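Visitor: Provided below for reference: sequence and predicted model.
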Amino acid sequence: MPEKLKTAELCLAAVQQDGDALEYVPEKLKTVELCLAAVQNSHWALEYVPETLKAKVKALKKPATKKPAAKKSATKKPAAKEKTAVKKPAAKKPAAKETAAKKPAAKKPAVKEPAAKKPAKKGNN
């Protein structure tokens with residue numbers, strides 16, 4: 001976009017949509033308010049904040065807020081036991097083939113090598 005078309009209002013709208021758009025904002029339009037809006041949208045936008053404004057922007061930056069807790073009704077009291085049982089998925093029983101495959105093979109008895117034959121004795125034949 002041509003620099004002459006970039007206005008403060010347009011740049012503010014851009015950084016409110018995407019904080020990293022601060023990279024494309026002309027230096028003369030980078031104010032504390034505009035940079036703060038960018039950093040609140042994306043903490044990475046702090047990289048594009050001019051050094052002269054960084055301290056102010058960091059000081060004004062609000063920490064990430066948590067969602068507000070749901071309001072409790074004053075008329076209703078929660079039940080003493082509201083815990084919901086979480087069911088664990090049932091373990092699958094292995095099929096017969098799988099069971100057989102997982103069993104270790106039966107040990108075979110060790111086969112002894114036959115001893116080397118001794119030469120026959122010469123003698124009484």
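Guide: Received the coordinates, thanks.

Visitor: which intervals of this structure have sub-threshold pLDDT?
Guide: Scanning the chain for pLDDT under 70 picks out the ranges 63-125.

Visitor: from Leu36, how far out is Lys58?
Guide: Going from Lys58 to Leu36 by Cβ to Cβ, to the nearest Å gives 10 Å. In short, each C-beta sits where N, CA and C put it, glycine included.

Visitor: same deal with Glu23?
Guide: 16 Å.

Visitor: quick one, which of these two is more surrounded?
Guide: Comparing Glu23 with Leu36 by other Cβ atoms under 10 Å, the one with more neighbours is Leu36, at 21 against 13.

Visitor: my guess is the more buried one meets Lys54, correct?
Guide: No. Using Cβ atoms under 8 Å, Leu36 makes no contact with Lys54, being 10.9 Å away.

Visitor: need the phi and psi values for Thr31.
Guide: Thr31 adopts backbone torsions of phi -110, psi 170, taken as degrees, to the nearest 10.

Visitor: need the contact list for the closest residue to Thr7 other than its chain neighbours.
Guide: Leaving aside its chain neighbours, Thr7 sits nearest to Leu29 (7.8 Å; criterion: Cβ to Cβ, 6 or more residues apart in numbering). Neighbour list for Leu29: 6-8, 11 [criterion: Cβ atoms under 8 Å, 6 or more residues apart in numbering].

Visitor: out of those, who's nearest Ser42?
Guide: Ranked by distance to Ser42 (Cβ to Cβ), those are led by Cys11 at 14.6 Å.

Visitor: excluding chain neighbours, what is closest to that closest one?
Guide: Cys11 sits nearest to Val25 (Cβ to Cβ, 6+ apart), 4.5 Å away.
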